[in-house]
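[1] No sequence on hand, only this structure:
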Ligand code: SAH
Ligand code: SF4
Ligand code: F3S
């Protein structure tokens, strides 16, 4: 860890002691422990950031809850598509109602949406009841911001354009004791023309391998069995470090850690996926049999205008090579429908790739115009009805192929990590196979966190019903 990062961490830890005092005062005033609720929108990165925020709130003395009637409510926002954005405004209105009934309530907003100027402007004007707004680059300063927020009534807004700092060793409250995300890099340099992430998460920065390994070892010692290495483009990990290291090398080192039984990672950009990575995955007994390989479009022309830097043929060659080298791997993907200028022929190319690769699962999104991205200025030539029609075609094919792929292990026995007691059906628990498929089986809370052999008795579309053997 860099000296400056270490100093900043110490500063925040001392701010955390301050926050503790303020929360103790509040406890006395209320005659009970104040509660805090953290709500996460968006991707795995945000989920991990929320665990950091929750860790700090818990350490400060708050009782964590999932009830938004809490004394401190924080929304960790996403802005990748417009509907993620709209959801937040809608829910803020509801929170305002709660706040009117609880004069001690504080409302905080952070995450990617806060990195957009027009969002903060709107909040400043029309959402005066919000107490604290901060962004993605100064998350590590949350202890300090919490102190300010608890000691004043004014709206606090602290947004940074970027940061060099990587401050990671603050308290964390994991959602699951047996699995955890680990950030290996921040930001993105790819600038796909539709995507807002590089603008709200900043330039790509890799964490030192030694720091990542130290965190993984500490997690293993704390009972964590599964680790998910997180980055917007993990395949370019390590390129800009003082001592360059590849993602494949990092994976091999994580693999050595005793106690870590499963390793996952997100997300892989096809243009940077190395033959070394395929080899390391193939030889590994811990790296899960799942690769998320976003396609976005099957049309070389659309891919060019998306700035994805691969062609249909290059993608197919890569995906089919992975299928051949690691036959039991599950391949999943992201697809965007309705990119400016997309035609039926482009969609045919996308359908063709789906047919050839046979994804185990695919997330299909309708293109959402994000202001500030190059594609937002491309002449719009796609009507809503066209998009809906094409979206339905893509979705149907994806679902038909996925159903077939997922069902191919029916009757077999596979190991599942049991993640939770099934909320909707009594007497069942939910586990995850190495290939990311979900299985429900009879069992109780004592099984949660263990890896058990499960017979995959019957496939119900995208998941299995099974039994422990
Ligand atoms: N870094 C990851 C993706 C992060 S965003 C990668 O490159 O694969 C997750 C997904 O959201 C993307 O894969 C893309 O399919 C989708 N997405 C991003 N911007 C979008 C937009 N403007 N409209 C619709 N979908 C979008
Ligand atoms: Fe967005 Fe592309 Fe970066 Fe993924 S690689 S976060 S899609 S710009
Ligand atoms: Fe959303 Fe930010 Fe992730 S925009 S998808 S939460 S990086």
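    Received it, and whenever you're ready, just let me know what you need. None of the values given here were measured: they were computed from a predicted structure. Residues are numbered from 1 along each chain as shown. Ligands and ions are numbered 1, 2, ... in the order given.
[2] CA only for contacts and neighbour counts going forward, please
    Noted.
[3] For stretch 183-195, measure first residue to last.
    For stretch 183-195, the first and last residues are 21 Å from each other (CA to CA, to the nearest Å).
[4] Show me the contact partners of it.
    45, 48, 80, 197-198, 201-207, 209, 212, 229-234, 237, 305-308, 367-370, 373-376 (CA atoms under 8 Å, 6 or more residues apart in numbering).
[5] And for stretch 385-405?
    Contacts to stretch 385-405, defined as CA under 8 Å, 6+ apart, come from residues 337-338, 344, 347, 350-351, 354-355, 358-362, 364, 366, 461-462.
[6] hmm, 6 Å instead?
    Here stretch 385-405 makes contact (CA atoms under 6 Å, 6 or more residues apart in numbering) with 337, 338, 358, 359, 360, 361, 461, 462.
[7] May I see the buried residues of it?
    387, 390-391, 394-395, 397-403, 405 (16 or more other CA atoms under 10 Å).
[8] Output the contacting helices and strands for the longest helix out of those in the chain.
    In the chain, taking DSSP state H as the definition, the longest helix is helix 3-30. When contacts are defined as 3 or more CA pairs under 6 Å, 6 or more residues apart in numbering; DSSP states H and E, helix 3-30 sits against helix 142-151.
[9] and with 8 Å instead?
    Secondary-structure packing of helix 3-30 (3 or more CA pairs under 8 Å, 6 or more residues apart in numbering; DSSP states H and E): helix 44-60, helix 142-151.
[10] wait, does the first one contact ligand 2?
    No: Helix 44-60 stays out of contact with ligand 2 when judged by CA under 6 Å from any ligand atom, the minimum separation being 11.1 Å.
[11] that older thread, of the contacts of stretch 385-405, buried ones?
    Here, 16+ other CA under 10 Å leaves 337, 338, 358, 359, 360, 361, 462 buried among the contacts of stretch 385-405.
[12] Setting aside sequence neighbours, what's the nearest residue to the first one?
    Right, residue 337. residue 366 (4.9 Å; CA to CA, 6 or more residues apart in numbering).
[13] just the fifth one next, same as before
    On the basis of CA to CA, 6+ apart, the spatially nearest residue to residue 360 that is not a chain neighbour turns out to be residue 402, at 4.5 Å.
[14] Just the mean pLDDT for the helix or strand where the one you found lies, thanks.
    Element membership of residue 402, judged by DSSP states H and E, is helix 384-406. Mean pLDDT, helix 384-406: 96.
[15] Toward the C-terminus, what is the element adjacent to it?
    strand 413-421.
[16] distance between that next one and the chain's centre?
    Computed by CA atoms, centre = their mean, to the nearest Å, the chain-centroid distance of strand 413-421 equals 21 Å.
[17] And for stretch 330-338?
    Offset of stretch 330-338 from its chain centre (CA atoms, centre = their mean): 16 Å.
[18] for that stretch, which positions count as buried?
    Within stretch 330-338, the residues that count as buried by 16+ other CA under 10 Å are 330, 331, 332, 333, 335, 336, 337, 338.
[19] Would you confirm that the last one contacts residue 366?
    Meaning residue 338. Yes: with contact defined as CA atoms under 8 Å, residue 338 reaches residue 366; the gap is 6.0 Å.
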